[in-house]
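Novice: need coordinates for the below:
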Amino acid sequence: DSMKNKVTFEVRIDEELYRKLLVASEKEGRSLNNQMLHLIRTNIAYFERCHGKIDPAKAVIPEKED
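Specialist: The predicted structure follows:
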């Protein structure tokens with residue numbers, strides 16, 4: 001896993017939701033980054049159970065905004 005390419009992306013989130021996420025992360029014993037990864041992995045697993053496996057090669061990566 002650590003050998004895979006890492007991607008950084010920005011998320012805009014309102015402050016109240018951000019604060020709640022920080023509290024949830026702390027209660028779950030995870031860093032904010034690890035909590036986000038947990039939530040994303042859980043959501044992708046659910047999506048794939050409902051819709052079938054995702055082929056990552058089909059993803060269109062958006063151009064970076066300046």
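
Novice: and the gap between the residue nearest the centre of the chain and residue 9?
Specialist: In the chain, the centroid-proximal residue (Cα atoms, centre = their mean) is residue 40; its distance is 3.7 Å. In this view, residue 40 and residue 9 are 11 Å apart by Cβ to Cβ, to the nearest Å. (Glycine included, C-beta is placed from N, CA and C.)

Novice: thinking again about what came up before, what comes into contact with the helix or strand harbouring the residue nearest to the centre of the chain?
Specialist: Assigned by DSSP states H and E, residue 40 belongs to helix 32-51. Residues from elsewhere that reach helix 32-51, judged by Cβ atoms under 8 Å, 6 or more residues apart in numbering: 21, 22, 24, 25, 28, 30, 54.

Novice: what sits against the first one?
Specialist: When contacts are counted by Cβ under 8 Å, 6+ apart, residue 21 touches 13, 32, 35, 36.

Novice: and for the first one, the neighbour number?
Specialist: I take that to be residue 13. 11 (other Cβ atoms under 10 Å).

Novice: dihedrals phi and psi, it?
Specialist: phi -150, psi 140 (degrees, to the nearest 10).

Novice: just the element for the closest residue to it other than its chain neighbours, please.
Specialist: Of all residues not flanking residue 13 in the chain, residue 21 sits nearest, at 7.5 Å (Cβ to Cβ, 6 or more residues apart in numbering). Element membership of residue 21 [criterion: DSSP H and E] is helix 15-27.

Novice: now do the buried residues in that helix.
Specialist: Using 16 or more other Cβ atoms under 10 Å as the test for burial, helix 15-27 gives residue 25.

Novice: and that helix, how far from the chain's centre?
Specialist: Centre-to-centre, helix 15-27 and its host chain are 15 Å apart (Cα atoms, centre = their mean, to the nearest Å).

Novice: hmm, back to that, pLDDT score for the residue nearest to residue 13?
Specialist: Residue 21 carries a pLDDT value of 97.
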